[in-house]
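Undergrad: Here's a sequence, model it:
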Amino acid sequence: MTPAIRLLESRGVAHQVTSYELASDTAAQGSYGLDAARALSLPPASVFKTLLAQLDDDSLVVALVPVDATLDLKALAKAAGVRKARMADVPVAERATGYLVGGISPLGQKKRLPTFLDESALTLETLHVSGGRRGLELSLARDDLITLTAARTADLARRG
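TA: Numbering: from 1, shown residues only. This is a model prediction of the structure:
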């Protein structure tokens, strides 16, 4: 059981845990989220990847965007009230969250970080996020995710 699942259970939040087999080339391509959507037959727009960014003041933030989109770092910086943001280095992200890249959950992180959720989530009732391990996905109500992470919504995702 991961810290993310323990958090949901301790708070009595309705959720579903689903595990799936990772495609053999997933790690090489870094496509954990798309692999999850395919393996679980979920619309990619409902599966959110958890990304860590470092702001220009060196603080870390979490950004959640659909797996079929990329994170707009300028939009994230604006939402966070700073001038610039960059992707956090892998060791920094893993150390801050307690999870391995490809399995970072927005829930149950070692340190609660400011969280930003792409506004496309507002059109969905249920979201799917990493369960805290590669090949483990959580489904939960959008409002529960927002409440548990204290997420702020912003237009963060870019497609194409």
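Undergrad: pLDDT weak spots in this protein?
TA: Applying pLDDT under 70 to the chain flags residues 23-31.
Undergrad: Find the centremost residue of it, please.
TA: Residue closest to the mean C-alpha point of the chain, counted by Cα atoms, centre = their mean, is Thr50 at 2.1 Å.
Undergrad: Look up how far Arg83 lies from that residue.
TA: In this view, Thr50 and Arg83 are 24 Å apart by Cβ to Cβ, to the nearest Å. (C-beta placed from N, C-alpha, C; glycine too.)
Undergrad: Helices of this protein, residue ranges please.
TA: Secondary structure of the chain, counting by DSSP state H: helices at 3-11, 26-29, 32-39, 73-80, 90-97, 142-149.
Undergrad: picking that back up, is the residue nearest to the centre of the chain in a bridge, and if so with what?
TA: On the basis of DSSP bridges, Thr50 is bridged to Leu64.
Undergrad: Please look at it and Leu64 and confirm they touch.
TA: Yes: the pair Thr50 / Leu64 is scored as a contact, 5.9 Å apart, by Cβ atoms under 8 Å.
Undergrad: any common contacting residues for these two?
TA: Common contacts of Thr50 and Leu64 (Cβ atoms under 8 Å, 6 or more residues apart in numbering): 106, 129.
Undergrad: can you pull the contacts of Leu107?
TA: 3-4, 7-8, 129, 132, 138, 145, 148-149.
Undergrad: Not counting residues beside it along the chain, what's closest to it?
TA: Closest residue in space to Leu107, ignoring its immediate chain neighbours: Ala4 at 3.9 Å, by Cβ to Cβ, 6 or more residues apart in numbering.
Undergrad: now the one you found: how far from Lys84?
TA: Relative to Lys84, Ala4 is positioned 29 Å away (Cβ to Cβ).
Undergrad: more crowded one of these two?
TA: More crowded of Ala4 and Lys84, by other Cβ atoms under 10 Å: Ala4, with 28 against 14.
Undergrad: C-alpha coordinates for stretch 150-160, CSV please?
TA: The C-alpha coordinates for stretch 150-160 follow below in CSV (Å, rounded to 0.1, in the frame of the first residue of the first chain):
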residue,chain,number,x,y,z
ALA,A,150,-5.5,22.2,-2.0
ALA,A,151,-5.0,22.5,-5.8
ARG,A,152,-5.5,25.7,-7.6
THR,A,153,-6.8,25.5,-11.2
ALA,A,154,-5.2,27.2,-14.1
ASP,A,155,-4.8,26.8,-17.9
LEU,A,156,-1.6,24.8,-17.8
ALA,A,157,-1.9,22.2,-20.6
ARG,A,158,-0.8,22.6,-24.2
ARG,A,159,-1.7,20.2,-26.9
GLY,A,160,0.0,19.7,-30.3
